[in-house]
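*Asks:* Got a sequence here, can you model it:
(one chain, ligands or ions: 1)
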Amino acid sequence: MTDAGRVRSDAGDGGRGASARDGRDEGRRNGEHAPEREGTRLAAEGVTHGFGEGPVFESVDLTVEPGEVLAVVGPSGTGKTTLLRLLACFHPPEEGVVSADGTDVWSLSEADRLAVRRRVGMVFQVRSLFSTTAAENAAYGLRVRESWTDRLRTAARRALGFETTPKAAREALSTVGMTDKAHRHASSLSGGEAQRVAIARALAPDPDVLLLDEPTSNLDPRNTALVEEAVEAASARGIGVAIATHDMQQARRVSDRTALLLDGSIVECGPTERVFESPDDERTRKFVAGELVY
Ligand SMILES: Nc1ncnc2c1ncn2[C@@H]1O[C@H](COP(=O)(O)OP(=O)(O)OP(=O)(O)O)[C@@H](O)[C@H]1O
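*Replies:* Model (predicted):
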């Protein structure tokens, strides 16, 4: 069996066929998915952060390159969410630098930092939709960028019964397979559907970077496959994706590189196949083999 074949059979993808990464690689080889943008290189450089009881992690270096899928794996509580939130510029690190294209985002003016934040979409682990339709959730990031005049015009058109969902929001909903439920209220969606809408909301403003925190925990194989296909589509458009996941097979299916966050540091970061097949660090070998129990 080929390596690719083994990855697919281990993945338990319910007959979904080639993994997202296989498809993306093939598309790249055929020149079908040439990234359309320069993108944004988001990086943590020597980052240390904690919450008052000593650092959660220290001196972390990690980059999300345009168009790549980076998996961040590690046991629960090692700081994967914390790291993604720092990369999303939600708050400054205690030490070190978070940079966008080489510029320290916390050295920027608030307006310039907001501009960087708007190039980064983040999807949280917990259900986080607003109390409105799937379509309006998907449109949220576009609406906040609209002028007040445009917002009033949209409200008036909606009141008159016109379809007001922006094209980009409709396309994002289509990417996650939610077109048919676009007008359903968020509260009526299943967990998997809600998570797909949350991804559409992050994708609609066409970010340069997408940060996904455990996007498929608690999802069934079909919803998981749809989310992974959305990751593939984002990456094929040149969006850099970082995905924190507990699912080793998912990391293997979707990512170009895998970083292991363990014991307060990145113990290994490299091409996914190498990290899984011949890791440099013994802790990585044990972790990917499921031998490290926390
Ligand atoms: N706002 C906060 N206040 C205090 N401690 C926090 C806060 N956020 C996270 N922590 C702590 O920081 C550590 C890292 O948490 P984080 O959620 O980043 O880990 P994780 O690797 O994403 O975990 P999981 O895989 O379970 O989602 C944990 O010990 C957590 O309790």
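*Asks:* Ramachandran coordinates for residue 62?
*Replies:* Per-residue torsions, residue 62: phi -160, psi 130 (degrees, to the nearest 10).
*Asks:* what's the burial count for it?
*Replies:* 21 (other C-beta atoms under 10 Å). C-beta: built from backbone N, CA, C; applies to glycine.
*Asks:* same deal with residue 212?
*Replies:* 29.
*Asks:* Report whether the expected contact of it with residue 240 is present.
*Replies:* No: with contact defined as C-beta atoms under 8 Å, residue 212 and residue 240 do not form a contacting pair (11.4 Å).
*Asks:* quick one: residue 107 from residue 183, how far?
*Replies:* 44 Å (C-beta to C-beta, to the nearest Å).
*Asks:* er, residue 37 I mean
*Replies:* When residue 37 is compared with residue 183 (using C-beta to C-beta), they lie 31 Å apart.
*Asks:* One more: residue 39?
*Replies:* Counting by C-beta to C-beta - residue 39 and residue 183 are separated by 33 Å.
*Asks:* quick one, which of these two is more surrounded?
*Replies:* residue 39 (21 against 11).
*Asks:* And what about the nearest residue to residue 146 once chain neighbours are set aside, helix, strand or coil?
*Replies:* Using C-beta to C-beta, 6 or more residues apart in numbering and skipping residues adjacent in sequence, the residue nearest residue 146 is residue 154, 7.3 Å away. Classification of residue 154 by DSSP: H, G, I helix; E, B strand; the rest coil places it in helix.
*Asks:* Which parts of the protein are helices?
*Replies:* Using DSSP state H, the helices of the chain run over residues 3-11, 20-29, 80-87, 110-117, 134-143, 148-159, 167-175, 191-203, 221-236, 248-254, 272-277, 282-288.
*Asks:* Need these in TSV (columns: distance to the ligand and mean pLDDT).
*Replies:* Shown next, in TSV, are those (distance: least, C-beta to the nearest ligand atom, whole Å; pLDDT from 0 to 100):
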stretch	distance to the ligand	mean pLDDT
helix 3-11	21	30
helix 20-29	22	54
helix 80-87	3	97
helix 110-117	19	96
helix 134-143	23	93
helix 148-159	33	85
helix 167-175	25	95
helix 191-203	15	94
helix 221-236	17	93
helix 248-254	13	94
helix 272-277	18	96
helix 282-288	13	92
